Structure formats: C-alpha cells, structure tokens
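>>> below: sequence and its predicted model.
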Amino acid sequence: MADSRPIGVFDSGVGGLTVLREIHDRLPSESTIYLGDLKHFPYGPRYPTEVRGFAFDIIRYLQGRDVKLVVIACNTATAAALSQARETFDVPIVGVIGPGAHAAVEATRKGLVGVISTEGTAASQEYLHAIKEIDPMVGVFQKACPELVDIVEQGDADSPRAEVALERDLAEIVKLGADVLVLGCTHYPLLKPAIGRIYPGCFQLVDSASTTAEKVRRQLEHANLLADGARPQHEIVVTSVPERFNEVAEILFGERVPEVTEVDIWEAK
C-alpha cells in the first residue's frame with residue numbers, strides 16, 4: 001500500500017541538504033520535511049548529551065508532523081543519539097554512519113579505511129565501532145577536519161583554499177595507505193572534485209549522503225512505505241535564519257531551495 005506521508009530529515013544546519021538532495025534524486029515521488037537546527041549550530045564541538053537532547057526534541061517535532069521515517073542527516077547527531085532514539089521512538093530512524101561504514105568495508109581491498117569528520121564524530125569513535133562490527137580486520141584511521149565545513153559553507157569547496165586544507169588533512173591517511181576515504185560529514189561530498197585533483201586515484205570515496213539515501217530507499221521499499229506517483233511536497237524549516245542562509249543552502253543543495261520557514265520547537269518548553 002502506498003504511503004504519501006513525508007520523510008523527515010534533520011541536521012544541525014544546512015549540511016544535511018546534501019542528504020536531502022540524494023533522497024530527492026533516488027525517491028522523486030517522496031515528500032520531505034527538512035529541519036535545520038541553526039539555533040544550535042554547530043553540533044560538532046558540543047557535548048553528546050546536549051546533542052542528544054536536541055535530536056530527541058527534533059524527532060518529537062517531526063513525529064508531530066506525521067513523518068513515516070526520520071533521517072538523522074548529521075554524523076555528530078547520529079553518533080550521539082541514534083541508538084537511544086531507536087529505543088525511544090516508534091518511527092523508523094536512519095542515521096548516516098551505518099550506511100557509510102558498510103559501504104567502506106565493501107569497498108576496501110587493502111583493509112585500510114580513512115575517515116574525516118567533525119570533532120564530535122571523531123571523538124565518538126562511532127565510525128570505528130561500526131566498521132569493526134562489520135569486519136574486525138579492517139584498519140580505521142580517523143581525523144577531525146573542522147575547517148572543511150567552513151570552506152564548504154563559504155562556497156570554496158572547489159577552490160585552491162580547499163586544496164591546501166585537503167592536502168594537509170589527508171596527508172597522513174595517504175601515507176598510511178588507506179584505499180577508501182569516508183567523507184564523514186554531510187558537507188564533505190562537495191569536496192570530491194578537489195580531493196580528486198590533490199590525490200588522484202588514491203581513494204575510493206564513500207559519502208554518507210548517497211549511502212544514506214540508498215538505505216532510506218531500501219527501508220521504505222522493504223516496509224511497503226513508498227509513496228505512489230502523486231506530486232510530492234517539500235518543506236524546509238529552520239530554528240533560526242542566519243545571514244547568507246539561502247546562499248549557503250543552494251551551494252549544498254545544488255539548486256534553488258524550497259521556501260524556508262522559521263520555527264521554534266522549544267517555545268513551549
């Protein structure tokens with residue numbers, strides 16, 4: 001039976017729009033609600049308990065909007081909240097770490113995987129745990145690269161500035177001989193062209209946006225929750241509207257974004 005309810009997607013900011021774009025590409029009949037928690041951006045440097053609280057409040061809001069599935073389109077929030085959220089809420093929840101870990105294990109031929117991410121994701125060790133759970137023999141090297149988020153948000157993902165940062169941040173991973181690089185932040189898929197120029201042929205790149213969107217497709221299909229051919233509706237809500245929001249959002253989304261509405265889901269608390 002077709003299910004026309006929307007998919008809920010959230011992130012601390014606009015980075016999750018890379019995941020949203022992949023969901024639209026793979027599931028063009030699905031309606032979506034995207035929430036960017038710009039009031040509390042960035043999540044990366046925050047304590048996991050704090051991030052978990054934000055995530056739970058957002059999932060409750062999305063449940064109230066009658067979504068059929070929630071995507072935590074943020075590596076930091078996935079690390080902090082996914083396991084507990086699945087135990088707490090009835091709605092199916094997909095994170096971005098598991099799909100990326102599976103793809104990395106399948107892709108590596110040397111048994112060596114590099115992971116670049118925010119500080120919060122690196123500190124959580126969630127990619128390490130997820131990869132080791134799938135294959136304990138795969139070696140994992142993680143590196144926090146917070147400057148890359150700023151580079152992408154400022155529109156410099158495909159620029160000499162990005163190349164300088166990537167050459168520095170990836171040098172140790174290259175030296176170790178990893179043949180797969182997990183882009184463990186939803187901003188990082190936009191860095192693929194620059195990575196290819198700086199280290200051509202060194203890595204197979206795994207990005208959490210495309211792997212997560214494919215996981216969503218499979219899960220909806222398996223649960224018979226796919227929408228029919230009706231015209232989908234797309235909505236973007238944010239908890240604060242910072243300067244340059246539309247400009248940054250369009251960089252990450254790859255096209256003009258739907259109209260943005262500001263909400264305060266903590267107003268009644």
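Great, that's in hand. No experiment lies behind these values; they were computed from the predicted model shown. Numbering: from 1, shown residues only.
>>> and what about V182, helix, strand or coil?
Here V182 is strand, with the state taken from DSSP: H, G, I helix; E, B strand; the rest coil.
>>> hang on, isn't it packed against I116?
Yes - counting by Cβ atoms under 8 Å, V182 touches I116, with 7.3 Å between them. C-betas here are computed from N, CA, C, even on glycine.
>>> the more surrounded of these two?
Ranked by neighbour count (other Cβ atoms under 10 Å), V182 and I116 place V182 first, with 31 against 25.
>>> that one bridge partners, please.
Counting by DSSP bridges, V182 is bridged to V115, V206.
>>> for the nearest residue to D3 once chain neighbours are set aside, grab phi and psi.
Nearest residue to D3, sequence neighbours excluded (Cβ to Cβ, 6 or more residues apart in numbering): L225, at 4.5 Å. Per-residue torsions, L225: phi -110, psi 10 (degrees, to the nearest 10).
>>> what residues are up against L225?
The contact partners of L225, by Cβ atoms under 8 Å, 6 or more residues apart in numbering, come to D3, K68, L69, Q219.
>>> output the lowest mean pLDDT helix or strand found in this protein.
Within the chain, confidence by mean pLDDT, DSSP states H and E is lowest for helix 245-253 among all helices and strands, at a mean of 80.
>>> direction included, what does the helix or strand following that helix pair against?
Going down the chain from helix 245-253, the next helix or strand is strand 260-262, by DSSP states H and E. Paired with strand 260-262 in the same sheet, following DSSP bridges, are strand 234-238 (parallel).
>>> list the buried residues in the strand it pairs with.
E235, I236, V237, V238 (16 or more other Cβ atoms under 10 Å).
>>> again with stretch 169-189
Buried residues in stretch 169-189 (16+ other Cβ under 10 Å): 169-170, 173, 178-189.
>>> quick check: can you list the domain ranges of this structure?
With domains defined by automatic domain parsing, the chain comprises 7-96+211-262, 97-208.
>>> leaving out the residues flanking it, which one is nearest to E22?
A213 (3.6 Å).
>>> over to D264?
The spatially closest residue to D264, leaving aside those adjacent along the chain, is T239, at 6.5 Å (Cβ to Cβ, 6+ apart).
>>> and the strands in the stretch 101-250 of the chain, which stretches?
Counting by DSSP state E, counting those that start in this stretch, the stretch 101-250 of the chain has strands at residues 112-117, 139-144, 180-184, 204-207, 234-238.
>>> compare the ones you listed and give me the one nearest L62.
Within the strands of the stretch 101-250 of the chain, the stretch nearest L62 is strand 234-238; the backing value is 9.8 Å (Cβ to Cβ).
>>> low pLDDT regions in the protein?
1, 243, 268-269 (pLDDT under 70).
>>> could you pull out the helices for it?
Remark: helices assigned in the chain by DSSP state H are 17-26, 48-64, 75-88, 97-107, 119-124, 126-134, 147-153, 160-176, 192-198, 208-222, 245-253.
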